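Peer 1: Test case, fold it:
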Amino acid sequence: MADAKEAKYREIGKPWDAARIQNFILIGISLLFIIALGVKLLLNISRVDFIADPPSLFPDGRSTATVKAIPYNAVGFRVPFQSIRVFYEIETGWEKVDVISRDANSITLRAKYEPGEVVLRARIGGDAIPYEIIVPILPQFAYY
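Peer 2: Modelled structure (predicted):
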């Protein structure tokens with residue numbers, strides 16, 4: 001009986017294996033879904049942190065601080081291959097600092113001779129709600 005089946009298959013060719021083809025299609029669709037999910041999680045910005053380096057200024061006329069926007073993805077890592085455009089506006093304390101430079105995502109401030117604090121408003125691209133960044137200008141004290 002087995003010889004008869006083999007002879008029949010030899011005459012008409014090997015039967016079509018539908019399950020194997022379906023498995024390849026399902027694996028291909030699953031891989032495309034995983035790749036799309038990876039791109040969504042790794043390359044899209046989910047939050048932006050603002051870092052002032054150094055975190056405060058001194059009222060000596062020479063002290064500078066750079067406020068920089070750093071984009072993060074949903075996994076918690078910095079977003080690769082992408083930069084953001086941030087518009088900075090000095091809300092209060094503009095008389096206490098000079099703006100040294102502005103870049104696409106950072107601003108550098110130099111303190112004048114008056115202590116206090118500077119409040120920056122940062123608006124990212126087309127976002128409706130601005131971020132508020134406070135940079136204090138602290139007097140220098142010597143402790144004994």
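
Peer 1: show me what contacts Gly61?
Peer 2: By CB atoms under 8 Å, 6 or more residues apart in numbering, the residues touching Gly61 are Arg110, Ala111, Lys112, Tyr113. (Glycine included, C-beta is placed from N, CA and C.)

Peer 1: hang on, the first one packs against Val118?
Peer 2: No. If you go by CB atoms under 8 Å, Arg110 and Val118 don't touch, sitting 10.9 Å apart.

Peer 1: Mind listing the shared neighbours of those two?
Peer 2: Residues touching both Arg110 and Val118 by CB under 8 Å, 6+ apart: Leu57, Val97.

Peer 1: okay, these two: which has more neighbours?
Peer 2: Remark: of Arg110 and Val118, Val118 carries more neighbours, 23 against 16, as counted by other CB atoms under 10 Å.

Peer 1: What residues of the helix or strand harbouring the more buried one count as buried?
Peer 2: Val118 is part of strand 116-124 when elements are defined by DSSP states H and E. Buried residues in strand 116-124, defined by neighbour count with 16 or more other CB atoms under 10 Å: Gly116, Val118, Leu120, Ala122, Ile124.

Peer 1: now stretch 135-142
Peer 2: Buried residues in stretch 135-142, counted by 16+ other CB under 10 Å: Val135, Ile137.

Peer 1: sorry, back to before: for Ile35, state which of the buried residues of strand 116-124 is nearest.
Peer 2: Among these, Ile124 lies closest to Ile35 (CB to CB), at 27.5 Å.

Peer 1: Domain map for this protein?
Peer 2: 2-43, 47-137 (automatic domain parsing).

Peer 1: Now do the strands in the protein.
Peer 2: 47-53, 64-72, 86-92, 97-102, 106-111, 116-124, 131-137 (DSSP state E).

Peer 1: can you list those strands in a markdown table and add distance to Ile25 and mean pLDDT?
Peer 2: A markdown table is the format used below for the strands of the chain (distance: least, CB to CB, whole Å; pLDDT from 0 to 100):
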| stretch | distance to Ile25 | mean pLDDT |
| --- | --- | --- |
| strand 47-53 | 37 | 91 |
| strand 64-72 | 36 | 93 |
| strand 86-92 | 45 | 91 |
| strand 97-102 | 53 | 92 |
| strand 106-111 | 49 | 93 |
| strand 116-124 | 42 | 92 |
| strand 131-137 | 47 | 92 |
